[in-house]
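# Quick one, structure for this:
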Amino acid sequence: MKKGWRIFCHILIWLGFIAFFASLARYSGKMTIHAVLVVFVLYGVINISAFYINYLVLIPRFLDKKKYKLYALWILATLIGFGLIKYGAGAFFKSEILMRTKGHETTFIKYFSNTLIITTIFLFLSAVLKFTNDWFLNERIQRDLENQRLSAELSFLKSQINPHFLFNSLNSIYSLAYQKSDTTPEAILKLSEIMRYMLYECNDNKVDLERELQYLHNYIDLQKIRFGDNAFINFDVTGEVTSQQIVPLLLISFIENAFKHGIANDASTPIILRIKVEDGHLFFFIQNKKHTHNRDSSGGIGLANVRRRLDLLYPGKYNLDIRDEADTYTCQLSLVL
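Predicted coordinates for the structure are as follows:
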C-alpha cells in the first residue's frame, strides 16, 4: 500500500472511531456538546499521539533493536508524561472533566491512575498493529525471496535443457555428416527450426500445447532423418490440444532419453509414444526397448531436470511413474494443465 493511501486510511479510521463514540455519548443525553468535544476530540488527539509515538518512534528505535530496558523506561516515561498532560487538560476544562455529578472534584491520584489505563490500552494497540504489520511484511518478503529463488532455479533448469538438447542433436548430425548423408542439410534445417522455438517462442511460463507438440514432432523428424528408413516410432496424439497450455520443454527429455538409450531401429519393438488430453489433464506415455550396452552416466540429467521442474511448476498436480525393467523403459506422466 502506498504511503499517502496508508496515511489517509489511518486518518479515516481514527475520525470514524472518534465520531462513533462521541455520537454515543451525545445521544445518551449525559454530556453537553462542549463536554463531548473536549473528552472525545481533545483526549482522542492526545491518546492517538501516544499511539503513534510508540508505533513510529519507540518500537522501531528500541524494541526492534532489542533494547528492552530502554524501551521499558521510555514506555514508563510516556505513561507518566501523557498522564500529566491529560491531568493538565482536565484542570483546564475542570467542569467537563474533573467535576463529578455531585459537585466533588476528582482527586489527582484517581484521575491519574485512570489516564494510565487508557494510555496503556492505546500503547498496547499500537504495539499489536506494529507487530502485525511487521509479520505481514516479513511474510511478503519471505514469499518474494522464495519466488525469486524458485524463478532463478527454474531459469537455471531451463538453461540446462538447451545445451543438453543441442549436445545430443549435434551428435546425431555429426553422425550423418560423418556418413556423408544427403540428409545432413535437412537435419541442420530441422535443428534450426527447433532452436528457433526454444530460443524465441518458449520464454513465457506456459506455451500453447499445440505448439509444444509441433516441437516434439520436429525433434522426432530430426531423429528419423538420423536413422533413415530404420527409425520406428509410433507417435499418437488424441484429445483437444488447441485450447490448452503447458510449461515449455517439459516432455522433450523423455523422448530424448528413449532415442538415446533405447532401440529405435527395430520394427518389432518400436518406440511407443502416446499423448492424450482429456478434461484438462494430459496423459503422456512412452516406452522403448533398452540398449543393454548403453550405460551413459550423463543420461539422467534430463530426467532429473524434468522431475525438479514438475515439483516446482506442478506441485500436487502431477504423477510420474518410471519403470526401469530389464528389457524395457517406460515413463507415464499425468498432470493437470
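# for the stretch 151-300 of the chain, what spans make up the helices?
In the stretch 151-300 of the chain, the helices defined using DSSP state H, counting those that start in this stretch lie at 184-196, 209-227, 252-261, 300-313.
# can you list the weak-confidence ranges in the stretch 201-337 of the chain?
Applying pLDDT under 70 to the stretch 201-337 of the chain flags the ranges 228-229, 292-302.
# returning to what we had before: which one of the helices of the stretch 151-300 of the chain lies nearest to residue 62?
Of all these, the one in closest proximity to residue 62, counting by C-beta to C-beta, is helix 300-313 (41.7 Å). Any C-beta I mention is one placed from the backbone N, CA and C, and that applies to glycine too.
# Could you export that closest one as CSV, CA atoms only?
The C-alpha coordinates for helix 300-313 follow below in CSV (Å, rounded to 0.1, in the frame of the first residue of the first chain):
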residue,chain,number,x,y,z
GLY,A,300,20.0,-39.0,-16.0
ILE,A,301,20.5,-35.2,-16.3
GLY,A,302,17.4,-34.6,-18.4
LEU,A,303,15.0,-36.7,-16.3
ALA,A,304,16.3,-35.3,-13.0
ASN,A,305,15.8,-31.8,-14.5
VAL,A,306,12.2,-32.5,-15.6
ARG,A,307,11.4,-34.0,-12.2
ARG,A,308,12.5,-30.9,-10.4
ARG,A,309,10.6,-28.7,-12.9
LEU,A,310,7.5,-30.7,-12.2
ASP,A,311,7.9,-30.3,-8.5
LEU,A,312,8.2,-26.5,-8.8
LEU,A,313,5.6,-25.9,-11.5
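# Which elements pack onto that helix?
helix 108-178, helix 252-261, strand 318-324 (3 or more C-beta pairs under 8 Å, 6 or more residues apart in numbering; DSSP states H and E).
# that older thread, so which of the helices of the stretch 151-300 of the chain is the most packed in?
helix 252-261 (a mean of 21; mean count of other C-beta atoms under 10 Å).
# Residue 55: neighbouring residues, count only.
Neighbours of residue 55 under the rule other C-beta atoms under 10 Å: 20.
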